[in-house]
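Undergrad: how does the following fold in three dimensions:
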Amino acid sequence: MRFYNMSRNPFSKGLPCDLAHPTEDLRQVHARLDHLARAGGIGLITADPGMGKTFAVRTWADSLNPNTNRVVYLCLSTVTNMEFYRELCQGLGIEPCFKKTDMFRDVQTCVRSLVEERRQRVTVVVDEAHYLQSSVLRDLQMIANFDMDSRDMLALVLVGHSVLAQYLSRQPHEALRQRLVASYRMRGLDEAGTADYVRSMLLKAGADPDILDEAALASAHACAGGSVRRLNSVVTNALTIGAQQRARAIDAEMVRCAADELAIL
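TA: Modelled structure (predicted):
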């Protein structure tokens, strides 16, 4: 990356949140999470793999004031009902009990204390939620039930692949689906969005934003298919190829070679 005067790889997964490019998906996800944090209730964020759903949640959480917001992030979703309760308790800083009924009570008591006594907004994010067992999905609506279902003291966000929305539309999960107060399906980057994203990230890293010409950007978009993760990999590999060839610009052929090496065409 030094060949192109970049201080770092602008397309790495460890990108600092404050350097995120405000894509349309990012704005839409943040708006819905803001609404859920304020109002409470259950929300759904879905996307095809690689669209950046977890990164969108991370950048939103990073923007919050930790004194007024408590975010619990759970990503181990291939668990039993009891294991999920233990994970939730640990996320809230509660010592898990042996009985589900005790853990349920402790979770609700903790949330009530955070909201009413500490004046914090509590958001629980369950990532990779498409892997959740039906028993866990059934319990989620009960966990969010406060004062005989008359108050939304907790924001519960399900984040997963697009198939999750189809799963929730089935009759056994109708009660949970009806409780959704916010939902968004990420669409990925279109061709114009791809160009804006690549140029913005290059500029933030100190490079010439026009290293990739129009044809190269169009090729990168075609290879990535809207996926931010695949786009990052293709562009990073193309820059590596360009640096090896000591090329001052990245053309479409280099992008195609980069994609071939990654076997994603």
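
Undergrad: which residue comes closest to the one residue sitting closest to the centre of the chain once chain neighbours are left out?
TA: Nearest residue to the geometric centre of the chain (Cα atoms, centre = their mean): T54, 2.0 Å. By the measure of Cβ to Cβ, 6 or more residues apart in numbering, the closest residue to T54 outside its immediate chain neighbours is D127, 5.8 Å from it. For every residue, glycine as well, the C-beta is placed using N, CA and C.

Undergrad: ok, now which ones touch the residue nearest to the centre of the chain?
TA: Going by Cβ atoms under 8 Å, 6 or more residues apart in numbering, T54 touches C75, D127, V159.

Undergrad: again with S183
TA: So S183 contacts R32, G43, L44, I45, T46, A165 (Cβ under 8 Å, 6+ apart).

Undergrad: contacts only, for the first one.
TA: Which is R32. Neighbour list for R32: G43, I45, A182, S183, Y184 [criterion: Cβ under 8 Å, 6+ apart].

Undergrad: sec struct for the last one, please.
TA: Going by DSSP: H, G, I helix; E, B strand; the rest coil, the secondary structure assigned to Y184 is strand.

Undergrad: for it, give its distance to G43.
TA: 8 Å (Cβ to Cβ, to the nearest Å).

Undergrad: the protein: strands as residue ranges?
TA: For the chain, the strands defined by DSSP state E cover 41-47, 69-74, 121-126, 154-161, 180-185.

Undergrad: reformat these as CSV; add distance to V255.
TA: Shown next, in CSV, are the strands of the chain (distance: least, Cβ to Cβ, whole Å):
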stretch, distance to V255
strand 41-47, 24
strand 69-74, 34
strand 121-126, 34
strand 154-161, 27
strand 180-185, 28
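
Undergrad: show the pLDDT at A175.
TA: Note on A175: pLDDT of 89.

Undergrad: count of neighbours near the closest residue to it other than its chain neighbours?
TA: In space, and not counting its chain neighbours, A175 is closest to Q141: 6.1 Å by Cβ to Cβ, 6+ apart. By other Cβ atoms under 10 Å, 17 other residues sit near Q141.

Undergrad: burial count for the residue lying closest to A61 once chain neighbours are set aside?
TA: Excluding the flanking residues, the one nearest A61 by Cβ to Cβ, 6+ apart is V71, at 4.7 Å. V71 has 21 neighbouring residues, counting by other Cβ under 10 Å.
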